[in-house]
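>>> A predicted structure for the sequence below; I have some questions about it.
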Amino acid sequence: MRKIGHMLGGALLLTVTLAAPVRAQNVIAGTIATDQPGPTISRNIQGQFSEHLGRGIYDGIWVGPDSPIPNTRGIRNDVVAALKAIKMPVVRWPGGCFADIYNWRDGIGPRDKRPVRKNDWWGGMEPNQFGTHEFFDFAEQSGSDTYVAINMATATPGVMREWMDYITSRGDDTLAQERRANGHAEPFKLGYVGIGNEAWGCGGAQSPEYFANEYRKFATFFHKNGSTFHMHNDNTALRVASGPNNDDTHWMEVVLKNAGPMMDAISLHYYTVWHGDWTQRNTATALNFPPAQWNEILFQAWRMDDVLRAHEAVMDQIDPSKRIGLFVDEWGTWYAPEPGTEPGHLYQQNTLRDALVAAETLNIFHAHAARVRMANIAQAVNVLQAMLLTNGAKMAKTPTYYAFAMYMPFQDATFLPVHVTPPMLTADSGHFPAFTVSAAKALDGHIYIAVANADKDRGVRLALDLGREKATGISGQVLTASKLDAHNTPGEKEEISPQPFMGGTIGGSKLMLDIPAKSLVVVRLDGK
Ligand code: AHR
């Protein structure tokens, strides 16, 4: 038996006791340490990622102003409304691997004059109809902050510098004038800039030592407002260095040691793939999977916790003040593409299982909120673990979308430690907790509790003590279905969506939750 804990300023944030796999108990008692508030759970961990990949941008977001599909300046109204409804806090663009073959100049100016390029990573042609102005318009319509990945591998620091000025300059320089001539008088609101994407792989197959040097060079010419010699620059965006893949702590250590002072955050990519092996990513299917595949996917998602703890240990050594954020700017399930679709488009359906991967992962991020300050699920529309799937004018909200909808109250909420010991489930590759619980005090003053029950066979009754906190009412939602692969299809009646949750009772500080098998429950406590 071993105990895993996360410490912040001496306070234990989450304790999970790992024991030999056992059957779920009927009633499991635990506590919510309402008197030991932890860090703020950044709203940005509910961030999105939209790449020029398959139908992620074209069809998914951009249909053009002349399309019969209802749009505002070429951007789909249904998609914007859906993402706005879940308060999409930040969106990363234009890649991914695509970022390192992207020339920002191809995507500005009159659309009928823009060049068409080959999309060498994901296939097909890149018509450049969706460029800088369209991206910032999309973010503004959706009410989202912006995260732009620059081309580090096939472009230069000079190209980056010009793009940054084009986006942010308030001056009379030619780049600002060009932006104005292209229809945007004011600078765009740029929140974050990724310098490098998967520099260890599609971003140039670099060693960490080489990348750290390159990063320093790019960061020097980033000319961030406030940094040395740049007290009056208009670029206030935070710089995000390309970070490790999975549990590659060597990358983390070398890059932080050599370039840490020049970054505000470092990224991490972790995908949930079959057996944790990317070369087996086409083994598991999104739909019609055998029940035995359920646990393995939930186990691989749970590994995020180990991966974060490994990187945090390195980060805490080199950056003990936690100045540098850890941005998990690509995560989610990666299955075989849907039969009949172009394999390079990474289009997959999305089921109840994905909603539980999302909820389990968000619960993990909450427990690591002191360091994890952004995450971007891959991807927003039509690619991998998407929020939304489109087919012509039709759109479906996926179970993952509904998980994000249910988690909205956790945006910028204050983490409350939960102490509970779940039984363990067994997968091909290891054991993982049957359920995860996260609690927080939200900006609206209410306590919210989320339970992701990954056990496909057994429900659980949780008896949680709130300490000195008392409540008189409880309300909430549950997301579940009888089929393991319940999913929604554009143009068809929804198979799965959140329903009112009736399984909770509260008496003072005693909370009882009857959580169904394979379900996600989020409740709000009311009154004193
Ligand atoms: O999200 C799809 C791809 O996965 C991204 O382009 C790349 O960064 C990662 O390998």
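Happy to help now that I have it.
>>> check contacts around the residue of the chain found nearest the ligand.
Per CB to the nearest ligand atom, Gly96 is where the chain lies closest to the ligand, at 2.7 Å. C-beta: built from backbone N, CA, C; applies to glycine. Contacts here follow CB atoms under 8 Å, 6 or more residues apart in numbering; on that basis Gly96 touches 49, 51-53, 121, 149, 197, 330, 378.
>>> switch to 7 Å and redo it
Gly96 sits next to 51, 53, 197 when contact means CB atoms under 7 Å, 6 or more residues apart in numbering.
>>> Now do the buried residues in stretch 448-458.
448-456, 458 (16 or more other CB atoms under 10 Å).
>>> Pipe these into CSV and attach pLDDT, secondary structure and distance to the ligand per row.
What follows is these, written out as CSV (pLDDT from 0 to 100; DSSP: H, G, I helix; E, B strand; the rest coil; distance: CB to the nearest ligand atom, whole Å):
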residue, pLDDT, secondary structure, distance to the ligand
Tyr448, 98, strand, 30
Ile449, 98, strand, 31
Ala450, 98, strand, 26
Val451, 98, strand, 29
Ala452, 98, strand, 23
Asn453, 98, strand, 28
Ala454, 98, coil, 24
Asp455, 98, coil, 29
Lys456, 97, coil, 27
Arg458, 96, coil, 34
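>>> Redo those residues as CSV? Include distance to Ala33.
Converted to CSV, those look like this (distance: CB to CB, whole Å):
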residue, distance to Ala33
Tyr448, 15
Ile449, 13
Ala450, 16
Val451, 17
Ala452, 19
Asn453, 21
Ala454, 23
Asp455, 25
Lys456, 30
Arg458, 26
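>>> Intersect the contacts of Gly96 with the contacts of the ligand.
51, 197 (CB under 6 Å from any ligand atom).
>>> Give me the subset of the contacts of Gly96 lying in helices.
Among the contacts of Gly96, none falls in helices (DSSP state H).
>>> Going by distance to Gly107, which of the contacts of Gly96 wins?
Each of those was scored against Gly107 by CB to CB, and Glu51 proved nearest at 13.7 Å.
>>> right, and Leu298 touches Asp354 too?
No - when contacts are counted by CB atoms under 7 Å, Leu298 is not listed as touching Asp354 (10.4 Å).
>>> The ligand contacts on this protein?
51, 95-97, 197-198, 202, 330, 378-379, 384.
>>> want to throw those into CSV with pLDDT and distance to Arg43?
Formatted as CSV, the residues of the chain next to the ligand follow (pLDDT from 0 to 100; distance: CB to CB, whole Å):
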residue, pLDDT, distance to Arg43
Glu51, 98, 22
Gly95, 97, 23
Gly96, 97, 22
Cys97, 98, 27
Asn197, 98, 23
Glu198, 98, 25
Cys202, 97, 29
Glu330, 98, 18
Ala378, 98, 18
Gln379, 98, 19
Leu384, 98, 22
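>>> mind listing what Tyr401 touches?
Contact analysis of Tyr401 by CB under 7 Å, 6+ apart lists 86, 387-388.
>>> can you give me the strands in the stretch 1-150 of the chain?
2-8, 11-18, 27-32, 40-41, 47-49, 71-72, 75-76, 90-93, 117-118, 125-126, 145-150 (DSSP state E, counting those that start in this stretch).
>>> Show me the least confident stretch of those strands, going by mean pLDDT.
Looking at the strands of the stretch 1-150 of the chain, the lowest mean pLDDT belongs to strand 2-8 (a mean of 29).
>>> about what we covered before: format the contacts of Tyr401 as TSV; extra columns: neighbour count and pLDDT.
Formatted as TSV, the entries for the contacts of Tyr401 read as follows, by neighbours: other CB atoms under 10 Å; pLDDT from 0 to 100:
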residue	neighbour count	pLDDT
Ile86	22	98
Met387	26	98
Leu388	25	98
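>>> Narrow these to those in helices?
Using DSSP H, none of the contacts of Tyr401 sit in helices.
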